[in-house]
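Chemist: My questions are about this predicted structure, shown below with the sequence.
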Amino acid sequence: MIHFHYHDVIIVGAGLAGTRAAVEVAPVADVAVISKVFPTRSHSTAAQGGAAAVLNNNLKRGVDTWLLHMFDTVKGSDYLADQNIVEYFAKEAPKAIIEMEHWGTPFSRMPDGRISQRDFGGHQRTRIAHAADRTGHALLHTLFEQSIRLGVKYYPEFFVMDLILDEEEGDYVVRGVVAYDIRTTELHIFQSKAVMLATGGGGRIYKITSNAHEYTGDGFGMIYRKGLPLQDMEFPQFHPTGLYPLGILITEGVRGEGGYLINSKGERFMERYAPDFKDLAPRDVVSRAIYTEIMEGRGVGPKKDHVLLKIDHIGKDAIMEKLPEIWKFAKTYTGVDCTKEPIPVMPTMHYMMGGIPTHHETGEVVADVGPDGEVSKVVKRLYAGGEAACESLHGANRLGANSMTDTIVFGRRVGKHMVEILDTIKIKDLPEDVGKEQEEKIKAILSRNSGEKVSKLREELQETMWENVSVFRTEEKLIKALDKIKELQERYKNVYVEDKSTTFNMELKEALELENMLNYAEALVASALFRKESRGAHSRVDYPNRDDEHFLKHTLAFKQEGKEPLIKQRNVVITRFPPQERRY
Ligand SMILES: Cc1cc2nc3c(=O)[nH]c(=O)nc-3n(C[C@H](O)[C@H](O)[C@H](O)COP(=O)(O)OP(=O)(O)OC[C@H]3O[C@@H](n4cnc5c(N)ncnc54)[C@H](O)[C@@H]3O)c2cc1C
């Protein structure tokens with residue numbers, strides 16, 4: 001049985017970006033949020049260290065300005081961020097944080113009661129607002145409460161499979177989404193005037209990641225499978241300090257509070273790689289430094305495959321007040337008491353700088369660019385926000401603590417744009433056969449009794465990505481990865497599940513997630529192959545230098561059935577800061 005629903009606005013994703021947009025729209029329209037996990041279990045709740053904004057509450061490193069926040073972000077991005085977007089972000093960030101404070105976020109405080117701010121990598125001022133080391137949890141619960149107060153309708157544990165797209169006067173337009181209820185496996189069609197994809201990131205294509213199990217890039221998959229482009233996918237971010245060997249995140253806030261990295265000789269090695277910023281250099285720089293130490297034989301442990309993060313010198317009281325969760329993670333998963341000994345760490349896949357490209361004014365999803373590199377077509381009333389989107393704020397390397405602020409600044413902006421246009425839109429009937437394709441897909445997976453196992457294919461993908469497409473890349477390894485992905489895509493056609501139940505069938509859900517993963521992994525590797533230079537998080541051993549002449553451009557990857565992805569380039573917007581050599 002297929003169920004039908006109508007809401008003025010459908011938001012896919014109940015993390016910070018989705019709920020922030022919902023709170024903006026709810027006072028004037030009927031808005032529903034769909035989430036494959038319970039809303040407050042969205043990955044935003046795991047965010048630890050804090051959210052960047054110029055508040056000037058902590059002046060220990062000097063007075064802060066939006067222009068300086070903009071400069072740090074642009075430099076951090078290795079000049080690939082669109083500067084009009086960064087300027088808007090840096091100016092709006094303080095308002096967005098204060099708004100969260102007024103709605104009740106329990107931020108940590110300065111002695112005089114103002115919001116406490118700490119240091120983070122690549123930021124020249126002390127500008128990270130935080131709630132101890134559980135900032136995401138505090139922010140998400142605040143927004144969830146506000147959304148409930150405003151009557152936002154939630155569909156928890158519903159899995160969105162596809163967008164319903166149509167054409168109107170030569171433009172694409174969105175009419176809703178197709179989802180199924182994970183509790184019953186029944187199909188639900190959601191019709192709406194506008195849709196936002198706020199589906200978060202996709203770190204689960206890698207073997208070692210700080211990301212939640214839900215981070216399977218379903219939004220990326222939905223876009224790419226429709227022949228729409230993904231932007232700058234070659235830039236996944238490797239966070240330098242994942243807990244060894246699991247990859248659970250140890251927040252940059254540890255280094256922000258005075259922690260530093262050491263190698264097997266006890267050397268504070270970041271002094272050599274970033275003489276000014278040291279341990280608070282941006283993530284791409286620190287991750288490369290750690291791998292270089294390991295490759296040159298100065299890693300620790302029997303396999304010499306990780307380094308140590310020392311924090312005990314700031315004292316037990318400070319650790320317990322500012323980093324209580326980190327103390328617990330290290331103790332629970334490795335037995336290390338970080339008030340006494342250093343934490344074993346290694347880089348872990350953490351964040352997607354790239355994603356669904358959006359229009360700089362409206363936030364609508366970009367469908368194509370012309371030969372001049374400018375946007376030529378959008379999908380009307382389809383928006384993207386949060387980690388799923390590529391606005392492009394983070395360019396080739398995101399600064400820590402800019403993402404949570406990104407979700408609320410741009411979530412709010414998407415909400416505002418929706419409010420402006422909703423009254424002008426007329427609803428059209430959906431095609432007769434809507435939902436049939438998705439129903440057939442589920443049936444086919446459930447009815448196969450033999451073939452390829454989901455977990456096996458996923459494991460092979462994760463292994464391939466980790467071995468061939470991590471911090472340092474070469475053409476040879478990237479080609480190997482792309483060939484493997486093609487092989488896995490072929491084998492996926494024969495995927496089957498052992499669990500045939502229609503109640504909470506997690507294996508079925510994982511089979512659908514895997515289809516998305518195999519799709520955006522292809523876009524990621526093809527984009528990395530195309531970019532024959534090193535910039536930000538994309539380090540090509542065979543092309544070690546940045547090449548502004550050919551690659552100061554965004555990469556757009558389009559799926560082509562049975563062929564290599566089509567790659568196009570989109571212009572980068574440069575307003576205030578011409579590209580310079582990046583030194584820390
Ligand atoms: C461990 C960790 C710590 C971090 N710490 C920080 C930090 O200190 N500071 C910072 O700035 N950033 C941090 N980040 C990054 C930041 O938290 C995220 O980028 C941001 O919170 C993402 O928010 P979002 O709203 O885009 O997505 P999310 O919060 O991840 O939400 C995604 C939503 O999409 C839904 N969804 C996905 N696919 C589907 C589907 N097919 N059908 C239905 N629903 C779907 C999910 O159910 C979920 O509700 C951290 C990230 C991690 C992993």
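Modeler: Now that the structure is in, tell me what you want to look at.

Chemist: which SS class is the residue nearest to V54 when sequence neighbours are not counted?
Modeler: Nearest residue to V54 in three dimensions, chain neighbours excluded: D64, at 4.6 Å (Cβ to Cβ, 6 or more residues apart in numbering). Bear in mind the C-beta positions are built from the backbone N, C-alpha and C, glycine included. Secondary structure state of D64, per DSSP: H, G, I helix; E, B strand; the rest coil, is coil.

Chemist: Near the ligand, which residues of the stretch 1-150 of the chain? Just list them.
Modeler: 12-18, 34-37, 42-44, 46-51, 135-136 (Cβ under 6 Å from any ligand atom).

Chemist: try 5 Å this time
Modeler: Residues of the stretch 1-150 of the chain that fall close to the ligand, judged by Cβ under 5 Å from any ligand atom: 13-17, 35-37, 42-44, 46-49.

Chemist: same deal with the chain?
Modeler: 13-17, 35-37, 42-44, 46-49, 159-160, 199-200, 210-211, 218, 249, 386-387, 401, 403-404, 407.

Chemist: Looking at the residues you listed, which are in strands?
Modeler: 35, 159-160 (DSSP state E).

Chemist: Surely F220 is in contact with P357?
Modeler: No. The criterion here is Cβ atoms under 8 Å, and F220 misses it with P357 at 11.2 Å.

Chemist: So which of the two has more stuff around it?
Modeler: Taking neighbours as other Cβ atoms under 10 Å, F220 and P357 compare with F220 leading, 31 against 28.

Chemist: excluding its backbone neighbours, what's nearest that one?
Modeler: Y520 (3.8 Å).

Chemist: Which helix or strand contains that neighbour?
Modeler: Y520 belongs to helix 506-530 when elements are defined using DSSP states H and E.

Chemist: Quick one: mean pLDDT for that helix?
Modeler: In this model, helix 506-530 carries a mean pLDDT of 98.

Chemist: Can I get stretch 197-211 in CSV, CA atoms only?
Modeler: The C-alpha trace of stretch 197-211 is given here as CSV (Å, rounded to 0.1, in the frame of the first residue of the first chain):
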residue,chain,number,x,y,z
LEU,A,197,18.0,18.1,1.5
ALA,A,198,19.8,18.4,4.9
THR,A,199,21.0,14.8,4.9
GLY,A,200,24.4,15.3,6.4
GLY,A,201,27.7,13.9,5.2
GLY,A,202,29.0,10.5,3.9
GLY,A,203,32.1,9.4,5.8
ARG,A,204,30.9,5.8,6.0
ILE,A,205,32.5,5.1,2.6
TYR,A,206,35.8,4.9,4.5
LYS,A,207,37.0,2.2,6.8
ILE,A,208,38.0,4.6,9.6
THR,A,209,35.7,7.6,10.3
SER,A,210,34.4,9.7,13.1
ASN,A,211,31.0,9.7,11.4
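
Chemist: what about that stretch, distance to the chain center?
Modeler: Stretch 197-211 has its C-alpha centroid displaced from the chain centroid by 7 Å (Cα atoms, centre = their mean, to the nearest Å).

Chemist: What of stretch 254-273?
Modeler: Counting by Cα atoms, centre = their mean, stretch 254-273 comes out at 27 Å from the chain centroid.

Chemist: what does that stretch contact?
Modeler: By Cβ atoms under 8 Å, 6 or more residues apart in numbering, the surrounding residues in contact with stretch 254-273 are 49, 118-121, 128, 240-241, 278-281, 285-286, 288-290, 292-293, 298-300, 304, 307-311, 313-314, 318, 322-323, 326, 342-343, 345.
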